[in-house]
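[1] okay, structure incoming, though there's no sequence with it:
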Ligand SMILES: *Cc1c(COP(=O)(O)O)cnc(C)c1O
C-alpha cells in the first residue's frame with residue numbers, strides 16, 4: 001500500500017446515499033396531491049402505505065405487515081399485541097440499542113437482561129438458564145449491529161421453554177440465517193427505516209407476523225380510526241370485529257410520503273445489501289490483519305448485512321482505547337466505543353438504562369463492551385475509502401496499541 005502517513009480521511013460517516021429518482025417523483029406526486037395521511041385515499045384505492053405493507057410482507061414471506069412511525073413503536077406494539085402484560089418479564093440480550101429497552105418499558109414490562117459472548121451474540125447458555133424460570137414467557141432478541149446468533153439453537157430453546165420470540169431486525173433487514181430471513185423466525189419481527197438503517201425514510205418501522213390476532217391488535221393500536229379495512233396486508237375483518245373496542249389507539253402510523261420513498265428502495269434492497277457486504281469484507285479482512293485488532297469470526301450460516309463493523313481491542317485499557325479513538329478521529333476516522341461510562345450519540349451500554357431497577361452485573365457483557373469499537377459503513381464510501389480507513393487505523397494502532 002502507498003505511504004499514507006500524513007493522509008486524512010475526509011468523508012462523512014453519517015452520509016447515506018440520496019433518495020433515488022423514483023422515490024422523489026412519487027413523493028412529489030403525493031406532496032402535490034396533499035394526500036399524505038395513509039387513510040386519505042378513495043375507498044378502493046390502495047395508498048402507498050398499504051402497498052408498502054403488501055410488498056414487505058411478500059419480501060419477508062409473511063402474511064401480515066404494519067407500517068409504523070418507527071421501529072421502536074413497532075416493537076412496543078408487537079409486545080403489547082402479543083399479549084405482554086404490565087410487570088411481565090421480557091428476556092433481552094444486554095448488547096442492544098436504547099429503543100429496545102425503551103419499547104419493553106413502554107409495554108409496562110420488566111427487562112431481564114441476558115449476557116453475550118465474544119462474537120457479540122447472545123449467550124445461549126445464559127438464555128437457557130433464564131428461560132427455565134417459571135415466570136418468563138417473552139423474549140425480545142435484538143440482532144444488534146446485524147450479529148445473528150445461532151437461530152437453530154435459539155428456536156430450540158424457545159420451543160423447549162415455551163418462550164415467545166419477537167425479533168428486533170433493525171440491522172438485519174435483508175439478512176438470513178441458514179437461508180431463512182432474519183425476522184421470519186419469531187412470532188413477530190420489527191424493522192427500522194430510520195436514516196441509518198437499510199432503507200431510509202428518515203423515520204419509520206415495519207412489523208411483520210403470521211399471527212392474525214396479533215396483527216389485528218397492532219393495526220388498531222397503531223391508530224387505524226376504525227379504517228382497518230383499508231389495510232391490505234391484514235387478517236379478515238372478522239378478527240377485528242371481536243376486539244375493536246378493546247384496543248386503544250396509540251397513534252404511531254406511517255404516512256404515505258414515507259411509504260412512497262421506501263417502495264422503490266425495497267426493490268433494490270438485496271442489491272444494496274451486497275454492496276454493503278463488499279465494503280464490509282474489505283474492512284473485516286484488513287482489520288483482522290492489524291496487530292491488536294480482532295473482528296470475531298462469523299458463522300458461515302449467517303448471511304449478514306455489513307452496514308457497520310465492530311471490532312475488539314482485546315487486552316487494552318481505557319486510556320489506550322481513548323487515545324486510539326482520538327488519534328483515529330484526528331485523521332477523520334470516526335469510531336464509536338461501547339465502553340464509554342456515559343451514553344454518547346447512538347451508543348450506550350445497558351447500565352445506562354437505570355429506569356429499570358436492579359440491573360444485573362453481566363461480567364461478560366461488560367468485559368466485551370469495554371473493548372468494542374464500532375464503525376458505520378455508509379454506501380457513500382467506496383472500496384478505496386475502505387482501504388484508506390484501514391491504512392489510518394493500521395498506523396494509529398502501530399503507535400498506540402501495546
Ligand atoms: C435503530 C435501532 C432500533 C430502533 O429503530 P428506530 O426506528 O430508531 O426506533 C432498534 N434496535 C436496534 C438494534 C437499532 O439499531
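    Yes, it's here. Note that this is a predicted model, so its numbers are computed, not measured.

[2] setting aside sequence neighbours, what's the nearest residue to residue 286?
    Leaving aside its chain neighbours, residue 286 sits nearest to residue 390 (3.7 Å; criterion: Cβ to Cβ, 6 or more residues apart in numbering). C-beta here means a position set from N, CA and C on the backbone, and glycine is covered the same way.

[3] ok, that neighbour to the ligand distance?
    24 Å (Cβ to the nearest ligand atom, to the nearest Å).

[4] just checking, that residue is part of a helix?
    Yes. According to DSSP: H, G, I helix; E, B strand; the rest coil, residue 390 belongs to a helix.

[5] does residue 103 count as helix, strand or coil?
    helix.

[6] that older thread, the residue nearest to residue 286: neighbour count?
    For residue 390, the neighbour count with other Cβ atoms under 10 Å is 20.

[7] my read: it touches residue 288, true?
    No. The pair residue 390 / residue 288 is not scored as a contact, 10.5 Å apart, by Cβ atoms under 8 Å.

[8] show me what from the chain comes close to the ligand.
    Residues of the chain that fall close to the ligand, judged by Cβ under 6 Å from any ligand atom: 70-72, 96-97, 99-100, 142, 144, 168, 170-171, 192, 194, 205.

[9] which ones among these are found in helices?
    71, 72, 99, 100 (DSSP state H).

[10] and the closest residue to residue 324 other than its chain neighbours, what pLDDT?
    Nearest residue to residue 324, sequence neighbours excluded (Cβ to Cβ, 6+ apart): residue 400, at 4.7 Å. The model reports residue 400 with a pLDDT of 96.

[11] run a quick neighbour tally on residue 400.
    Applying other Cβ under 10 Å, I find that residue 400 has 19 neighbouring residues.

[12] how much space separates residue 100 from residue 141?
    Separation of residue 100 from residue 141 (Cβ to Cβ, to the nearest Å): 10 Å.

[13] which neighbours do those two share?
    Residues touching both residue 100 and residue 141 (Cβ atoms under 8 Å, 6 or more residues apart in numbering): 92, 168.

[14] quick one, which of these two is more surrounded?
    residue 141 (29 against 24).

[15] report the residue ranges of every domain in this protein.
    Structural domains assigned to the chain are 21-267, 269-400, following automatic domain parsing.

[16] so which of those is nearest residue 15?
    Of all those, it is domain 269-400 that lies closest to residue 15, at 4.9 Å by Cβ to Cβ.

[17] between the two ends of the closest one, how far is it?
    Taking Cα to Cα, to the nearest Å, domain 269-400 runs 39 Å from one end to the other.

[18] got a list of what the spatially closest residue to residue 353 that is not a sequence neighbour touches?
    Once flanking residues are discounted, residue 353 sits nearest to residue 101: 4.6 Å by Cβ to Cβ, 6+ apart. Counting by Cβ under 8 Å, 6+ apart, residue 101 touches 92, 111, 350, 353, 356.

[19] what do you get for residue 399?
    residue 327.

[20] residue 315 versus that one, what's the distance?
    Using Cβ to Cβ, residue 399 is found at 17 Å from residue 315.

[21] could you do residue 274 as well?
    Noted for residue 274: a distance of 35 Å to residue 315, by Cβ to Cβ.

[22] would you list every one of the helices in the chain?
    Under DSSP H, the chain gives helices at 21-33, 48-60, 71-82, 99-106, 124-131, 151-161, 212-221, 237-241, 256-288, 318-330, 363-370, 383-400.

[23] next, the angle helix 212-221 makes with the third one.
    Regarding helix 71-82 and helix 212-221, their directions subtend 130 degrees when assessed with axes from the mean of the first three to the mean of the last three Cα atoms, to 10 degrees.

[24] which of the helices of the chain is buried the deepest?
    Mean neighbour count, computed with mean count of other Cβ atoms under 10 Å, is highest for helix 71-82 among the helices of the chain, reaching a mean of 27.

[25] residues contacting residue 362?
    94, 113, 115, 116, 350.
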